[in-house]
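> Predicted model and sequence below, questions to follow.
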Amino acid sequence: MDIHEHLLRPAIEKFKAEFGAEPERLFLSPGRINIIGEHVDYSDGFVLPAAIDRYICFAVRKTPQTNRCTIIAKDLGETYTFDITMKVKPVQQMWMNYMLGVLSQLQKPENQFCGLEIVLSSTIPMGAGLSSSAALECGFAYLLNELFDLQIPKKEIAVIGQKSEHAFAGVQCGIMDQFASVFGKENKVIMLDCHSLDYQYFDADLRGYSLLLFDSCVKHSHLTSGYNERRKDVEHGKKILWKNFPEIKKFRDFTLAMLDQVKEEMGAVSYKRCLYLLKEIKRVELAAKAISEGNIEYMGRLLTETHDGLSTEFEVSCKELDFLVENVLQQEGVLGARIMGGGFGGCSINLIRENKAEEVIKAISEKYLENFNIRMKVYHVKISDGIKEYTNEYII
Ligand code: GLA
């Protein structure tokens, strides 16, 4: 997608129309895909995400003579104005909460802010599982850090974004989305250890295959989906495991045999959730090895195993996504597919041979339309850099 045409120009034009001046700076904050490692980021697991070429653009100007901060969400047609030096609390406009939650953590005596004018424009579809909220949180933290020289390390920016989501959006998310948005790198997937926050990059060389996203157009919000409930099921399971095996340091070090020993005490639901998590954490390690060895077929099989686990053990899929996955797997040239992200709707991620992609898309779109009367959307995404300032020349 041409970011100049679809993102920068509209944001700059809106800025000029609303504020009567050019923006001083432009920041781009990306969404993410996740190759594998779902729901394990809050359970000491490994994940394999990557930032993509879909962004929220922040067009910004400082207004040092005031404390007024005006933020325009161009695509939503909404504006929010507040005093940046006053204590903030959650508001009705959900999109603002992601940013206010960030600001609340940075409002300290040593951080001196002044007024800001901001236009937001986005090419990350909302509610599609591509982490537009993490892009908003971390993009805002990043720009405050840059504009006011706050000296916040990059990892801290991701953590601030996550905390904002907990405190101001009410979603007890893990760290994966924020980390990917901040640390993304062109053509690399990130292998993140969510226990230590150590990470390494792997080449995303898929050898003639590509990762395509099929948007089921079933929208979800993790505030109202079962996300927080799944976390509770998992926390209960962990409590029982640690009570019985206090010597274990990280969740991922529990064995399936240990889990089986406490099955009765834990109860069927938490058992299923933990079983999924322990298997998923192992799958990520296998997938990282497969990708580094160029064993794309095996990677595809792992993706499909993850879908089965998310559907039957973690129970975060839905009939539309199950349908998309089941049907795409019957097509020639497809190595694997699964629901991606937190679940309950959104996109599937599909590993498809490049020269078969068009055929597969056509077949699946038709079937989906026939069965659900929904037009599936397809996103061809490129693995891209994390949050950055856009410094190239731009011509309006
Ligand atoms: C959402 C959360 C992440 C992660 C995924 C599932 O995207 O924000 O922290 O838990 O779901 O892997």
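Cool, got the structure.

> in the longest strand along the chain, what counts as buried?
For the chain, the strand with the greatest residue count under DSSP state E is strand 49-63. The neighbour-count check on strand 49-63 (16 or more other CB atoms under 10 Å) flags 49-61 as buried. For the C-beta atoms, the positions are set from N, CA and C on the backbone; glycine is no exception.

> same question, stretch 313-325
313-318, 320-325.

> ok, and which of these reach the ligand?
Counting by CB under 6 Å from any ligand atom, the subset of the buried residues of stretch 313-325 that neighbours the ligand is empty.

> Looking at these, which is nearest the ligand?
Val316 (8.2 Å; CB to the nearest ligand atom).

> I'd guessed the closest one sits against Arg231; true?
No - using CB atoms under 8 Å, Val316 is not in contact with Arg231, being 11.4 Å away.

> Can you tell me which residues in the stretch 201-350 of the chain are near the ligand?
341-342.

> Indicate the residue of the stretch 201-350 of the chain located nearest to the ligand.
Gly342 (3.0 Å).

> Tell me, how many residues neighbour that residue?
The number of residues packed around Gly342, counting by other CB atoms under 10 Å, is 26.

> Likewise for Gln162?
25.

> Tell me how far it lies from Asp41.
Distance, Gln162 to Asp41, using CB to CB, to the nearest Å: 9 Å.

> Likewise for Tyr201?
Taken as CB to CB, the span from Tyr201 to Asp41 is 17 Å.

> Run through who's touching the worst-scoring helix or strand of the chain on mean pLDDT.
Every helix and strand of the chain was ranked by mean pLDDT, DSSP states H and E. The lowest is helix 3, at a mean of 89. Residues outside helix 3 that contact it (CB atoms under 8 Å, 6 or more residues apart in numbering): 28, 53, 55, 57, 123.

> For beta bridges, what are the partners of the fourth one?
The one in question is Cys57. Leu28, Ser121 (DSSP bridges).

> Look up how far the ligand lies from the most far-flung residue of the chain relative to its centre.
Going by CA atoms, centre = their mean, the residue of the chain most distant from its centre is Gln65, 36.4 Å out. Per CB to the nearest ligand atom, to the nearest Å, Gln65 is found 38 Å from the ligand.

> ok, the strand or helix carrying Tyr80: who's next to it in the sheet?
Per DSSP states H and E: Tyr80 is located in strand 78-83. Looking at strand 78-83 with DSSP bridges, its partner strands are strand 68-73 (antiparallel).

> what pairs with Ile352 across the strands?
Beta-bridge partners of Ile352, as defined by DSSP bridges: Ser210, Val334.

> How many residues are close by it?
Each residue near Ile352 was counted by other CB under 10 Å, and the total is 26.

> Quick check: pLDDT value at Glu393.
For Glu393, the pLDDT comes out at 66.

> Kindly apply the preceding question to Lys14 instead.
98.

> Shouldn't it be within a helix?
Yes - with DSSP: H, G, I helix; E, B strand; the rest coil as the criterion, Lys14 is located in a helix.

> so what's it up against?
Contacts of Lys14 by CB under 8 Å, 6+ apart are 59, 72, 74, 119, 121.

> again, but for Arg207
294, 296.

> cutoff 10 Å now
Contact analysis of Arg207 by CB atoms under 10 Å, 6 or more residues apart in numbering lists 294-297, 353-354.

> and of those residues, the nearest to Leu136?
Ranked by distance to Leu136 (CB to CB), these are led by Glu354 at 32.2 Å.

> Over to the closest one: give its phi and psi.
Main-chain dihedrals, Glu354, degrees, to the nearest 10: phi -50, psi -40.

> Surely it touches Leu206?
Yes - using CB atoms under 10 Å, Glu354 is in contact with Leu206, at 8.6 Å.

> and these two? which has more neighbours close in?
Leu206 (20 against 13).

> State the helix or strand in which the more buried one lies.
Using DSSP H and E, Leu206 falls outside every helix and strand.

> Am I right that Gly237 sits in a helix?
Yes - using three-state DSSP, the secondary structure at Gly237 is a helix.

> Nearest residue to it in space, please, no chain neighbours.
Ser270 (3.6 Å; CB to CB, 6 or more residues apart in numbering).

> So the one you found lies in a helix, does it not?
Yes - counting by three-state DSSP, Ser270 is located in a helix.

> ok, it - contacts?
232-241, 259, 262-263 are the contacts of Ser270 under CB under 10 Å, 6+ apart.

> List only buried entries from those residues.
233-234, 236-238, 240-241, 259, 262.

> ok, the residues you listed vs Glu285, which is closest?
Closest to Glu285, out of all of these and judged by CB to CB, is Leu259, at 17.8 Å.

> check which helix or strand covers that closest one.
helix 256-261.

> Please enumerate the strands of the stretch 251-396 of the chain.
Using DSSP state E, counting those that start in this stretch, the strands of the stretch 251-396 of the chain run over residues 334-339, 347-353, 377-380, 388-389.

> can you put the ones you listed in JSON lines and add mean pLDDT?
Below are the strands of the stretch 251-396 of the chain laid out as JSON lines (pLDDT from 0 to 100):
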{"stretch": "strand 334-339", "mean pLDDT": "98"}
{"stretch": "strand 347-353", "mean pLDDT": "98"}
{"stretch": "strand 377-380", "mean pLDDT": "97"}
{"stretch": "strand 388-389", "mean pLDDT": "97"}
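
> Select, out of these, the one closest to Phe140.
Nearest to Phe140, of these and by CB to CB, is strand 388-389 at 13.6 Å.

> now what about that closest one, what contacts it?
25-30, 55, 58, 60, 142-143, 146, 184.

> buried subset of those residues?
Of the contacts of strand 388-389, these count as buried by 16+ other CB under 10 Å: 26-30, 55, 58, 60, 142-143, 184.

> where in this protein is pLDDT low?
The model of the chain has pLDDT under 70 over residues 393-396.

> can you pull the contacts of Ser210?
Contacts of Ser210 by CB under 10 Å, 6+ apart are 350-354, 356-357, 380-382.

> Buried among these? Make that a PyMOL selection.
To isolate the buried members of the contacts of Ser210 in PyMOL, using 16+ other CB under 10 Å:
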select buried, resi 350+351+352+353+357+381
